[in-house]
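A.B. asks: the following comprises the amino acid sequence and a computationally predicted model.
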Amino acid sequence: MTIVLLHSLAQSGELWRPLIDILEPHTQVLAPDARGHGKSAWDGTPFTIEDLADDVAALIAEPVPVLGMSMGGCVAIALAIRHPELVQRLVLADTTASYGPDRKEQWEKRAQAAVAKPRREQVEFQVDRWFSPDFTNSAEIARVVELFVATDSNAHAQACRALGDFDASDKLGEISCPTLVVVGEDDQATPPAMAAALADGIKGANLVTLGGARHFSLFEKPGALKMVADYLLGKEGPWNRY
């Protein structure tokens, strides 16, 4: 079995290193870089979330468990809708099927900021969204900051526009695989109401809220990565006990 891990905006598959280390003794792990992120090539042409989902589908030969966080969660949703035969089970962390009615305008502002400011001048804004003030693991913060800084600004901007265009809220009922939705209680980027909409729209989905965590809740809360690893490996719940 192979487990697929899909990273967030302006990161890379290496974001998942702590989870990869948990999973690899038990299974193979595929953590691809999205177009223009990490070591993935990109020709500079526009792409959509659906394009990113099709990129992932091209790497999969059989049904697999899939975890997506933030942008990766949007890609995972699109993958489960467009290629349901390839998704065995699903974890959607700090993500949404739609960023709301003003999503195009808001993400266009983010896209413009991605190219207008040097990478390190964007870090303060990002870290405040990723982690709560109580999170004191400076090494983990530094690790994800360096992945962000290394991301191509133009690819970051195009990914912002792809997120602004994405809306799968009316297709969630097409997702039929077992699904776990996870959200940080204080997530400002994809608040708990968005997670609840996912759980309500996907039949049989379980919802777990991680208290006191922001947008990178899986990395912020002790035990959360182990929880999703267990789910991806098919271990027994209930998951709402966390």
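C.D. replies: All right, it came through fine.
A.B. asks: neighbours of V115, how many?
C.D. replies: A count of nearby residues for V115, using other Cβ atoms under 10 Å, gives 13. Where C-beta positions appear, they are placed from N, C-alpha and C, glycine not excepted.
A.B. asks: quick one: V75 and L59, what's the gap?
C.D. replies: 12 Å (Cβ to Cβ, to the nearest Å).
A.B. asks: the two: which has the busier surroundings?
C.D. replies: V75 (30 against 12).
A.B. asks: middle-most residue in the chain, spatially?
C.D. replies: Centroid-nearest residue in the chain, with Cα atoms, centre = their mean: M69, separated by 1.7 Å.
A.B. asks: for it, grab phi and psi.
C.D. replies: phi -120, psi 130 (degrees, to the nearest 10).
A.B. asks: wouldn't it be in contact with L19 here?
C.D. replies: No. Look at M69 against L19 with Cβ atoms under 8 Å: they stay out of range, at 9.9 Å.
A.B. asks: how deep is the spatially closest residue to S217 that is not a sequence neighbour tucked in, by neighbour count?
C.D. replies: Counting by Cβ to Cβ, 6 or more residues apart in numbering, S217 lies nearest to G184, which is 3.2 Å off, once chain neighbours are set aside. G184 has 29 neighbouring residues, counting by other Cβ under 10 Å.
A.B. asks: picking up where we left off before, run through the bridge partners of the residue nearest to the centre of the chain.
C.D. replies: Beta-bridge partners recorded for M69 (DSSP bridges): A93.
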